[in-house]
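**Q** Got a predicted model here, sequence first, then my questions.
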Protein chains: 2
Amino acid sequence: MGTTQLESVPEPKYWHLKTVLTEALDSEFSVGEILPNERELAARFGVARATLRQALEQLELEGRLQRRRGVGTTVAPPRVGVAVGTEQHAWPGAPGDDAWQAVDCTTAVPPAAVAAALETGRDEPVHTVRRTRMTHGQPVAAELLHIPAASVPDLTGIDAPSGPARARAVLRELQRLELEGRDSAVELGSARADDAKQLDRLPGAPVLVVTTRFFAEGRTAALSVATYRADTCRLTFGDSGGVEIHPDPERRAS
Amino acid sequence: MGTTQLESVPEPKYWHLKTVLTEALDSEFSVGEILPNERELAARFGVARATLRQALEQLELEGRLQRRRGVGTTVAPPRVGVAVGTEQHAWPGAPGDDAWQAVDCTTAVPPAAVAAALETGRDEPVHTVRRTRMTHGQPVAAELLHIPAASVPDLTGIDAPSGPARARAVLRELQRLELEGRDSAVELGSARADDAKQLDRLPGAPVLVVTTRFFAEGRTAALSVATYRADTCRLTFGDSGGVEIHPDPERRAS
DNA sequence: TAGTGGTCTAGACCACACC
DNA sequence: GTGTGGTCTAGACCACTAG
């Protein structure tokens, strides 16, 4: 990494700083390595800490760095590709789908936005299953899966009113319908407090929100709202088996 | 909008501020309306301008606000859904695809990352077409479309070495191949200087990068890297004709 | 307890749009 | 010009992790 001094250019300092750091990351650091702390880096480049942080924030947004309070700033591994397309051209929670892990399930009248997307009447109860998606032992997504009670009418013999057991029962019932189609949308968002906790991030962290509607029996039978960590994930929508570009990135533990 | 004072809670001020502003936007403002300026808002809420800005940045990231230097902060319209899936299960630049607009075309040996994704040898020339995607009169995406020279061997009769005319000729040649499949990936990035200009944003603005590989004749015949404005776009991947959720948002000019 | 990143302040000046 | 958002500074204190 270079030493000091920034030229006086019309380009913002933090932008130039980001370029310099990017090159340093490419050539002088390896995954997992710890960078000097922010005060030290700021001094080394002759800028205020806030300016240095502006550069670090961008690099974190681009998945190049990972910062943890009380610990430090480390070089992030390449983003992991997570399939959100046809790899599971099936109901959520299908057998063999071990990436997702049911956490909880509640039944209630949903907020207006969810009811609208489901095209259910107001006051119609909806089961909401909370799930977590794990990859390489790390949580990458938190999901709320909304299923109108009408989609799973035969939900019987389950006395648990909530919890993982009930979540799995609801998913099992869902499999009995014939899936007719689905569509998805992806947009940028910031993590709500509950999602952030599930994703091991601070509230407000950038996330990719994937909204998927599942169709069966001519209706919207389920609505999934999944928030993926934007810093660590690359969402793949392959129809020919999304090949990894990054060849098995080595993970170095510090 | 409320007047003053923030309680002393363990919650960060900017986070609370964001919540308050979100509610105000929902109830007291309409699309296109101009907010008070940052110094005024900061004073009104009793915080430093930097803190107020932290809240505004998040709201802009979520597509709720639009800020323009020298002009002011306005309430953003709902995000527009742009289809990046099967609506064009065809080559880029197919007839009737008027959303995209060819800007330029150059031919050169590509950077290593592009060559790797194309699985071409190094030193093999590649045509690079630059395009812009327009929606509702606004630019929403900037794309670099990389096409190995081997994919369009019969590129003849075009004397222009670059420019829109050549771009269209390359795309026309590409149509002659039979498309066998494609896969896409979406990830968060920040706009490079050239893309930012094309998107009418500042460099570093958050973008959704859609990387698509097109397969033909058993090879990767083209590679598209499209950067979409993350603040204004919702990418749809429907296989059943992505329906709009937001019912034709009115655009109010100021 | 020591060290890290996260939040916050109260200023200053700059680049740009509009009049 | 005047007013806006964008950049930058030099501090301060807080929340969290780890030895």
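**A** That came through fine. Residues are numbered from 1 along each chain as shown, chains lettered A, B, ... in the order given.
**Q** ok, now how distant is A:Glu187 from chain B?
**A** 4 Å (C-beta to the nearest C-beta, to the nearest Å). C-beta coordinates here come from the backbone N, C-alpha and C atoms, glycine included.
**Q** Can you tell me the closest non-neighbouring residue to that residue?
**A** B:Arg234 (4.3 Å; C-beta to C-beta, 6 or more residues apart in numbering or on different chains).
**Q** and A:Ala165, which of the three is it?
**A** Assigned with DSSP: H, G, I helix; E, B strand; the rest coil, A:Ala165 falls in the helix class.
**Q** That one: how many residues sit nearby?
**A** The number of residues packed near A:Ala165 is 13, by other C-beta atoms under 10 Å in any protein chain shown.
**Q** follow-up on the earlier one: name the residues that touch the strand or helix carrying the residue nearest to A:Glu187?
**A** Per DSSP states H and E: B:Arg234 is located in strand B:233-236. Applying C-beta atoms under 8 Å, 6 or more residues apart in numbering or on different chains, the contact partners of strand B:233-236 are A:183-187, B:79-85, B:140-141, B:186, B:208, B:210, B:228, B:242.
**Q** Can you list the strands that it pairs with?
**A** Next to strand B:233-236 in the sheet, as set by DSSP bridges, lie strand A:181-190 (antiparallel), strand B:80-83 (parallel).
**Q** which of those strands sits most buried?
**A** strand A:181-190 (a mean of 22; mean count of other C-beta atoms under 10 Å in any protein chain shown).
**Q** circling back to that earlier point, so which of the strands paired with strand B:233-236 gets nearest DNA strand D?
**A** Closest to DNA strand D of those is strand A:181-190 (C-beta to the nearest atom of the strand; 16.8 Å).
**Q** next SSE after the closest one?
**A** In N-to-C order, the element after strand A:181-190 by DSSP H and E is helix A:193-199.
**Q** For chain A, list the residues in contact with DNA strand D, please.
**A** A:12-15, A:46-51, A:54, A:68-71 (C-beta under 7 Å from any atom of the strand).
**Q** Show only the entries of those residues found in helices.
**A** A:13-15, A:49-51, A:54 (DSSP state H).
**Q** So how do I select the buried members of the residues you listed in ChimeraX?
**A** Filtering those down to the buried ones (16 or more other C-beta atoms under 10 Å in any protein chain shown) takes a single ChimeraX command:
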select /A:13,14,15,51,54
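**Q** In chain A, what residue comes closest to DNA strand D?
**A** Counting by C-beta to the nearest atom of the strand, chain A gets nearest DNA strand D through A:Gly70, at 2.4 Å.
**Q** what's the burial count for that residue?
**A** A:Gly70, neighbours per other C-beta under 10 Å, totals 4.
**Q** Check A:Arg44 too.
**A** If we define neighbours as other C-beta under 10 Å, then A:Arg44 has 14 of them.
**Q** Repeat that for the one 3 residues further on.
**A** Around A:Val47 sit 19 other residues, with neighbours defined as other C-beta under 10 Å.
**Q** any chance you could map the strands in the stretch 1-150 of chain A?
**A** A:65-68, A:72-75, A:80-83, A:100-108, A:126-135, A:138-148 (DSSP state E, counting those that start in this stretch).
**Q** Tabulate the ones you listed in CSV, adding columns for mean pLDDT and distance to B:Gly204.
**A** Shown next, in CSV, are the strands of the stretch 1-150 of chain A (pLDDT from 0 to 100; distance: least, C-beta to C-beta, whole Å):
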stretch, mean pLDDT, distance to B:Gly204
strand A:65-68, 96, 15
strand A:72-75, 97, 19
strand A:80-83, 92, 24
strand A:100-108, 91, 34
strand A:126-135, 93, 28
strand A:138-148, 94, 25
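**Q** and those strands as a markdown table, adding distance to B:Leu174?
**A** Rendered in a markdown table, the data for these read as follows (distance: least, C-beta to C-beta, whole Å):
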| stretch | distance to B:Leu174 |
| --- | --- |
| strand A:65-68 | 38 |
| strand A:72-75 | 39 |
| strand A:80-83 | 26 |
| strand A:100-108 | 39 |
| strand A:126-135 | 35 |
| strand A:138-148 | 35 |
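**Q** I'd like to know which of those is closest to B:Ala196.
**A** strand A:65-68 (21.3 Å; C-beta to C-beta).
**Q** Just tell me which of the strands paired with strand B:233-236 ends up closest to A:Asp123.
**A** That would be strand A:181-190 among the strands paired with strand B:233-236, by C-beta to C-beta, at 26.1 Å.
**Q** tell me the mean pLDDT for that closest one?
**A** Strand A:181-190 shows a mean pLDDT of 93.
**Q** circling back to that earlier point, would you point out the most distant pair within the ones in helices among the residues of chain A next to DNA strand D?
**A** Farthest apart among those - using C-beta to C-beta - are A:Trp15 and A:Arg49, which lie 16.8 Å from each other.
**Q** Straight-line length of stretch A:85-95, end to end?
**A** 17 Å (C-alpha to C-alpha, to the nearest Å).
**Q** should've said stretch A:103-123
**A** 25 Å.
**Q** A:Leu118 and DNA strand C, how far apart?
**A** 34 Å (C-beta to the nearest atom of the strand, to the nearest Å).
**Q** Same question for A:Ser224.
**A** A:Ser224 is 28 Å from DNA strand C, by C-beta to the nearest atom of the strand.
**Q** can you pull up the bridge partners for that residue?
**A** A:Leu145, A:Thr212.
**Q** what does the model give it for pLDDT?
**A** Confidence at A:Ser224, expressed as pLDDT, is 95.
**Q** For it, give me its contacts.
**A** A:92, A:143-146, A:210-214.
**Q** By neighbours, which of these wins?
**A** Neighbour-wise, the contacts of A:Ser224 (other C-beta under 10 Å) top out at A:Leu145, 26 neighbours.
**Q** and chain A, which residues reach DNA strand C?
**A** A:10, A:35, A:37-40, A:49-50, A:53, A:67-73, A:202, A:204.
**Q** any idea which residue sits dead centre in chain A?
**A** A:Tyr228 (1.1 Å; C-alpha atoms, centre = their mean).
**Q** bridging residues for it?
**A** According to DSSP bridges, beta-bridge pairing links A:Tyr228 with A:Ala141, A:Leu208.
**Q** Would you check how far apart it and B:Ala149 are?
**A** Between A:Tyr228 and B:Ala149 the distance is 37 Å, computed by C-beta to C-beta, to the nearest Å.
**Q** Quick one, grab the pLDDT at A:Ser8.
**A** 40.
**Q** coming back round to it: what about the strand holding B:Arg234, average pLDDT?
**A** Per-residue scores along strand B:233-236 average to 94.
**Q** can you pull the buried residues of it?
**A** Per 16+ other C-beta under 10 Å, strand B:233-236 contains these buried residues: B:233-236.
**Q** helix or strand for the residue lying closest to A:Ala216 once chain neighbours are set aside, which one?
**A** Leaving aside its sequence neighbours, A:Ala216 sits nearest to A:Leu177 (C-beta to C-beta, 6+ apart; 4.2 Å). Assigned by DSSP H and E, A:Leu177 belongs to neither a helix nor a strand.
**Q** Also A:Arg172?
**A** helix A:164-174.
**Q** Over to the residue of the stretch 51-200 of chain A found nearest DNA strand C: give its phi and psi.
**A** Closest contact between the stretch 51-200 of chain A and DNA strand C, by C-beta to the nearest atom of the strand, is at A:Gly70 (3.2 Å). With angles defined as degrees, to the nearest 10, A:Gly70 sits at phi 80, psi -10.
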